[in-house]
Every structure is written in structure tokens, then in C-alpha cells.
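S.K.: Quick check, what structure comes out for this input:
(one chain, ligands or ions: 2)
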Amino acid sequence: MTQRQFPLDLRQSAGSGPEPLDDGALILRGHASSHAADMIAQIRRMARQSPFRRMTTPGGGSMSVAMTCCGLRGWCSDAHGYRYEERDPLTGQPWPAMPEGWRQMAVAAAAMAGYEGFAPDSCLINGYRVGARMGLHQDRDERADAPVVSLSFGLPAIFLWGGLLRTDPLRRIPLLHGDVVVWGGTTRLAFHGIAPLRKGDHPLTGPCRYNLTFRRTA
Ligand code: MD3
Ligand code: FE
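M.R.: Residues are numbered from 1 along each chain as shown. Ligands and ions are numbered 1, 2, ... in the order given. Okay, the predicted model is just below:
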């Protein structure tokens with residue numbers, strides 16, 4: 001099969017057009033939906049090599065979101081803290097490679113938001129089941145001078161979006177199947193989280209939601 005041309009499709013599937021969310025953040029509603037079935041199949045294949053796992057936090061708790069990664073480094077959390085690792089601690093092997101089509105899509109989305117030359121080396125894949133949530137946090141374990149590109153598949157989620165202070169007021173933004181968001185500039189270090197996933201049944205993912213985030217880790 002030939003390599004799919006994600007960046008081209010990204011432009012062709014432009015529906016409502018890019019919506020600026022804030023300084024440096026852009027949402028492309030539904031832009032990944034035409035690739036969803038393929039990408040979900042790829043996620044499932046990857047998870048046979050590096051399974052989804054619920055990581056432990058330094059505080060001793062267990063995250064409700066299950067995670068796996070692909071690319072050069074993967075995000076890991078355990079009793080010692082958070083860091084990026086070149087090998088999956090579960091298998092001792094390198095993480096699955098980042099599919100070239102995924103990389104191209106992330107690079108094209110970043111460029112549409114004005115971030116030319118984004119060079120993601122890692123993709124964190126979050127798996128949410130009903131009730132799973134992600135508490136308010138900042139993403140500070142990778143390069144904050146590069147944007148983060150996120151893709152959502154499956155059940156909808158409410159994204160909680162704050163400011164640079166944990167106590168800043170939160171906006172609630174629905175993230176739906178196929179949505180692509182680019183976060184950069186002043187929004188890159190904003191506090192954010194995901195409200196508990198509501199019950200549902202999605203034709204492609206059943207009772208689950210997947211979120212992919214492309215990052216530059218080094
Ligand atoms: C804004 N993931 O993996 S995606 C994460 O839906 C994470 O699984 C959420 O927060 C999820 O760290 C939200 C949207 C997102 C991702 C990363 C960001 C927004 C961001 C980094 C900085 C600012
Ligand atoms: Fe985050």
C-alpha cells in the first residue's frame with residue numbers, strides 16, 4: 001500500500017476552518033476524522049508491542065488513563081517521578097516507531113497554526129475508558145519551545161483549560177472524534193485536564209476515547 005498523504009487530506013477535509021482558541025492555540029474540528037479508522041487500527045497494533053498501562057504517580061496513586069507511546073521516547077511515570085524513556089519499561093524494548101503518516105499530519109497541523117518546522121519525536125497515546133479522567137496539570141517534561149499537537153478519537157471528552165496558574169478559571173471545551181488541536185505560544189504551559197469520560201458507545205472505539213499528543217522531547 002502506498003504512503004497516505006496526510007497533509008494533503010488535512011487540507012481537503014477542512015470543514016469549518018481553523019478556529020483560534022487563544023494566543024498560540026488553534027483547533028481544527030474533525031480534521032483527522034477521515035484517517036480515524038486507519039489510525040485506530042495502528043494504535044491497536046502498536047498496543048500489541050507496547051501495551052496500554054496505567055502508570056503509577058510519584059504520589060503513589062494509579063492514573064485512571066491508560067497510556068502507551070510511539071516514537072523515539074515515551075513518557076513514563078512511577079514512584080520516582082516523570083520522565084521520557086527511550087525504552088518501554090514494560091518490555092525493555094524501544095517504543096514502536098512513529099508512523100510516517102502520523103508525523104506528517106502533526107507537522108502539517110502545526111504549520112497551519114503558524115509553527116513551521118515542528119519536528120515531533122514522540123507521540124503519547126492516552127486510552128480513556130468510561131470514568132477515566134486527567135487531573136489538572138502542566139506539560140513540562142518535554143521541550144516547551146515546541147508546540148504540542150493533539151488528536152482525539154472515539155467518545156467525546158470535556159477538555160478543561162485554565163491559565164498559567166493552577167487557580168485560574170477553567171474553560172470547558174468539548175474535544176470530539178477527529179478534532180486536531182495545536183497548542184503553542186503562551187498556551188503551551190497552561191494548566192489543563194480532562195473531565196471524567198461519560199458513558200457512550202462509539203462506532204469505531206466502543207466505550208473508549210483515544211488521545212494522541214505529538215511532542216518534541218529533546
Ligand atoms: C495544552 N492529554 O497527554 S489533549 C496529556 O485528552 C494531556 O488526553 C489530554 O493533557 C487528553 O498531557 C488533553 C490536549 C492537550 C495536550 C497537551 C497540552 C492540551 C495541551 C499541552 C500544553 C497545553
Ligand atoms: Fe497534558
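S.K.: For ligand 1, tell me whether stretch 142-158 is touching it.
M.R.: Yes - contact between stretch 142-158 and ligand 1, assessed by CB under 6 Å from any ligand atom, occurs at Val148, Ser150, Ala157. No exception for glycine: its C-beta is placed from N, CA and C like everyone else's.
S.K.: Stretch 195-212 and ligand 1, are they touching?
M.R.: Yes - for stretch 195-212, a contact with ligand 1 is found by CB under 6 Å from any ligand atom, at Asn211.
S.K.: And that stretch, what's buried?
M.R.: Leu197, His202, Leu204, Thr205, Cys208, Arg209, Tyr210, Asn211, Leu212 (16 or more other CB atoms under 10 Å).
S.K.: so what's the first one closest to, chain neighbours aside?
M.R.: When the adjacent residues along the chain are set aside, Leu197 lies closest to Tyr128, with 4.6 Å between them (CB to CB, 6 or more residues apart in numbering).
S.K.: now the fifth one
M.R.: For Cys208, the nearest residue in space outside its immediate sequence neighbours is Gly154; the separation is 5.2 Å by CB to CB, 6+ apart.
S.K.: Let me know the pLDDT of the residue of the chain found nearest ligand 1.
M.R.: When CB to the nearest ligand atom is the measure, the chain has its nearest residue to ligand 1 at Asn211, with 3.3 Å between them. The score at Asn211 is 98. That number is its pLDDT.
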